[in-house]
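Q: have a look at this fold, sequence not included:
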């Protein structure tokens with residue numbers, strides 16, 4: 001691996017430092033409303049009488065402030081602020097140690113819930129009160145596996161017995177103020193995403209030649225680019241336009257948003273991102289309805305595989321917020337074979353047992369129609385599309401429908417505000433082998449933990465055992481079982 005010289009590293013840091021300062025000063029001089037900025041008092045050295053004006057902030061002071069933030073955060077002495085006002089049901093979880101304090105739904109900020117986050121980079125730049133925020137993380141990992149060729153369908157760490165940079169991510173975003181119900185507001189989100197994990201976020205014709213044509217181990221993907229338009233309709237209406245995460249599900253592409261290091265089998269093969277428009281209407285504190293239209297799963301609107309595709313979801317929480325149900329029909333069109341043209345029907349259930357225990361369960365069914373037969377049992381087979389598997393159809397069929405179903409369950413136990421442990425069990429039936437390349441049922445069981453250091457560093461070790469039931473499904477189709485041990489480290493800035 002080629003190292004970067006100290007001169008180049010210094011220049012890079014200086015460039016990022018200058019760009020963030022100039023961009024944020026120029027484009028977002030307004031301050032956040034009180035409910036969205038109340039956390040700013042938690043920033044170290046926030047007293048104007050004791051700090052240098054922003055125009056005089058030097059690189060040396062930037063690093064001093066950054067270092068102080070991490071020191072306070074890791075030692076638990078970061079000044080706290082009153083909890084921001086919220087207009088929603090009581091939060092069911094603690095965050096940390098969980099990725100979020102609320103049950104989630106996709107395609108929108110959580111309406112009625114304020115942004116109380118304070119970021120090291122923004123504090124070091126003395127821009128912690130600005131509504132436009134720049135932040136991110138670096139997430140490397142290591143793993144040991146009984147496979148020596150490929151860990152798939154484990155994701156994202158498909159390369160066995162290696163150390164990898166999973167993600168280096170930079171966000172720039174402005175969140176709409178969805179707590180208030182008096183006026184229109186807006187937001188936006190831009191993402192720079194680099195690492196091994198781009199292999200699972202790539203959408204066709206979004207720089208997809210890195211994977212589909214060159215099969216690069218590391219790559220860059222602009223995973224999320226969208227605008228949010230918020231209207232004070234009912235309990236809040238948000239309209240998102242752009243490229244966003246596929247809406248249903250427990251897990252997400254971005255490392256800090258998950259319970260543990262690896263992803264479930266269920267998540268590994270379902271849709272990742274959509275480009276289009278989706279409206280999220282909060283009818284009351286308990287009910288949310290969503291309707292949207294996309295260009296199809298994991299394709300750009302200018303791709304030759306684009307298809308107008310409907311999204312419809314319903315979210316319900318009980319009054320106690322101990323149970324949440326989220327059901328979606330996702331990316332619905334004619335269902336004919338194309339790049340990830342999955343007809344996806346998904347249901348998620350969250351349940352809180354008590355202050356320390358909760359579980360999350362998700363199930364889906366998916367299918368594509370008219371998938372080319374690759375079983376070798378038909379004359380003149382139809383070629384498959386690059387990056388889109390064929391199916392193992394019955395003899396004599398040139399094409400067939402390829403269905404699959406999956407279910408996953410998480411059980412989580414909070415040990416203390418900085419430590420959680422959990423267990424995940426998972427079943428996937430790839431009935432025609434169209435998603436994994438092997439026609440079999442898979443199961444996995446994973447024991448994991450998450451340890452926080454302050455709120456900015458996460459260590460996530462895990463032990464995992466996978467099994468394929470009908471055919472050899474692991475190590476490129478040469479093994480029935482796979483034992484996996486690994487850990488990742490997420491460093492937020």
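A: That came through fine. Bear in mind the structure is a predicted one, so any value in this text is a computation, not a measurement. Residues are numbered from 1 along each chain as shown.
Q: and the closest residue in space to residue 474 that isn't next to it in sequence, how many neighbours?
A: Distances taken as Cβ to Cβ, 6 or more residues apart in numbering place residue 482 nearest to residue 474, at 4.2 Å, with adjacent residues excluded. For every residue, glycine as well, the C-beta is placed using N, CA and C. Around residue 482 sit 24 other residues, with neighbours defined as other Cβ atoms under 10 Å.
Q: who does the helix or strand where residue 482 lies touch, helix- and strand-wise?
A: Assigning secondary structure by DSSP states H and E places residue 482 in strand 481-492. The contact analysis (3 or more Cβ pairs under 8 Å, 6 or more residues apart in numbering; DSSP states H and E) places strand 481-492 against strand 132-145, strand 457-468.
Q: roughly how far apart are residue 215 and residue 199?
A: 9 Å (Cβ to Cβ, to the nearest Å).
Q: likewise residue 93?
A: 30 Å.
Q: could you do residue 159 as well?
A: Here residue 159 is placed at a distance of 10 Å from residue 199 (Cβ to Cβ).
Q: for residue 445, same thing?
A: 24 Å.
Q: so which of those two has more stuff around it?
A: residue 199 (20 against 13).
Q: my read: that one touches residue 156, true?
A: Yes. Using Cβ atoms under 8 Å, residue 199 makes contact with residue 156 at a distance of 7.2 Å.
Q: could you give the mean pLDDT of whichever strand in the chain runs longest?
A: Using DSSP state E, we find that the single longest strand of the chain is strand 399-416. Strand 399-416 shows a mean pLDDT of 98.
Q: strand partners of it, parallel vs antiparallel please.
A: strand 357-372 (antiparallel), strand 419-430 (antiparallel) (DSSP bridges).
Q: so can I have JSON lines of the ones you listed showing mean neighbour count?
A: Below are the strands paired with strand 399-416 laid out as JSON lines (neighbours: other Cβ atoms under 10 Å):
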{"stretch": "strand 357-372", "mean neighbour count": "19"}
{"stretch": "strand 419-430", "mean neighbour count": "20"}
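Q: who's in contact with the strand holding residue 482?
A: Strand 481-492 is contacted from outside by 119-120, 135-147, 151, 154, 157, 166, 255-256, 261-262, 455-468, 474-475, using Cβ atoms under 8 Å, 6 or more residues apart in numbering.
Q: wait, a strand at residue 316?
A: Yes. Residue 316: assigned to a strand according to DSSP: H, G, I helix; E, B strand; the rest coil.
Q: quick one: contacts for the residue lying closest to it once chain neighbours are set aside?
A: For residue 316, ignoring the flanking residues on the chain, the nearest one in space by Cβ to Cβ, 6+ apart is residue 325 at 5.0 Å. By Cβ under 8 Å, 6+ apart, the contact set of residue 325 is 315-317, 347-349.
Q: tell me the most packed of those residues, by neighbour count.
A: In these, the most neighbours by other Cβ under 10 Å go to residue 315, 24 neighbours.
Q: follow-up on the earlier one: from residue 151, how far out is the residue nearest to residue 474?
A: According to Cβ to Cβ, residue 482 and residue 151 sit 7 Å apart.
Q: what's the answer for residue 320, then?
A: From residue 320 to residue 151 the distance is 40 Å (Cβ to Cβ).
Q: the two - which one has more neighbours?
A: Just comparing residue 320 and residue 151: by other Cβ under 10 Å the higher neighbour count belongs to residue 151, 26 against 10.
Q: could you find the closest non-adjacent residue to residue 190?
A: The spatially closest residue to residue 190, leaving aside those adjacent along the chain, is residue 172, at 4.6 Å (Cβ to Cβ, 6+ apart).
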